[in-house]
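*Asks:* quick one: sequence and predicted model below, then my questions.
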Amino acid sequence: AADKIDLIPQDFFAELCEQVIQHLNRKIAGVNTVELCQRLQMSGIEITVSELAKLANIISFLFSTAARNRLSTEELVTALGSQVSTLPKHAVQVIRHVWNEQGKAVSALEDARNMDTVGQFIDISWKLGVAMSSDTCRSLKYPYITVTLKMADPSGQVTNKSFEMTIPQFKNFSSQFKEMAAVLETV
């Protein structure tokens with residue numbers, strides 16, 4: 001992944017580091033690697049969403065490990081210099097700046113809790129569709145609901161999970177949400 005850091009301009013790398021640290025500080029739900037990757041590709045940089053997600057995970061691991069070990073900015077930079085000799089100078093400068101500015105907040109959160117092992121819900125969308133026909137049935141006219149959940153995994157990677165439900169499945173799904181809402185009202 002370090003070879004891809006060479007390709008990423010300093011301002012984009014800084015934005016990636018900022019999003020990772022904001023995620024670790026609970027200021028944003030996750031790192032939007034899809035949007036950042038599209039912008040990088042439009043500027044002529046050849047990188048995939050998967051490669052950028054790996055970089056985000058590495059940066060997240062770096063910052064959370066530094067927080068767990070309560071490293072100062074200089075200790076982090078020294079550790080990077082002795083452990084990761086392939087990092088470009090501009091990347092080390094960005095990491096130094098971001099950790100110097102926001103590392104204490106991550107360390108404070110790390111003291112309060114271990115990094116999450118579950119994802120975080122961001123958004124939900126749905127649409128109603130009707131299957132008109134299939135290769136085995138000419139006149140189907142079968143309604144269904146497609147639900148898309150936007151989630152951030154523990155590392156901050158934002159993903160969409162989609163699934164389809166029949167109308168009876170959707171009614172059951174909906175009633176379970178109503179039950180949850182009723183229980184929350186009592187809390």
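*Replies:* That came through, no problem. Residues are numbered from 1 along each chain as shown.

*Asks:* domain ranges for the protein?
*Replies:* 2-116, 120-185 (the TED database).

*Asks:* okay if I get the ones you listed as a markdown table plus mean neighbour count and mean pLDDT?
*Replies:* (C-beta placed from N, C-alpha, C; glycine too.) Shown next, in a markdown table, are the domains of the chain (neighbours: other Cβ atoms under 10 Å; pLDDT from 0 to 100):
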| stretch | mean neighbour count | mean pLDDT |
| --- | --- | --- |
| domain 2-116 | 17 | 84 |
| domain 120-185 | 12 | 84 |
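
*Asks:* just checking, what packs against the lengthiest helix in the chain?
*Replies:* Criterion DSSP state H: the longest helix present in the chain is helix 89-112. Contacting helix 89-112 under the criterion 3 or more Cβ pairs under 8 Å, 6 or more residues apart in numbering; DSSP states H and E are the following elements: helix 10-24, helix 49-68, helix 73-83.

*Asks:* please identify which of those is closest to Ala105.
*Replies:* Among the helices and strands packed on helix 89-112, the nearest to Ala105 by Cβ to Cβ is helix 10-24 (8.2 Å).

*Asks:* quick one: contacts of the closest one?
*Replies:* 5, 8, 28-32, 36, 39-40, 43, 45, 52, 55-56, 59-60, 63-64, 67, 90-91, 93-95, 97-99, 102-103, 106, 109, 115, 152, 156 (Cβ atoms under 8 Å, 6 or more residues apart in numbering).

*Asks:* coming back round to it: okay, the angle between the helix or strand following the longest helix of the chain and helix 10-24?
*Replies:* Remark: after helix 89-112, the chain's next helix or strand is strand 120-131, criterion DSSP states H and E. Note on geometry: by axes from the mean of the first three to the mean of the last three Cα atoms, to 10 degrees, strand 120-131 and helix 10-24 are set 100 degrees apart in direction.

*Asks:* list the contacts of strand 120-131.
*Replies:* 29-30, 140-152, 158.

*Asks:* what's the closest of these to Ser72?
*Replies:* Gly30 (27.4 Å).
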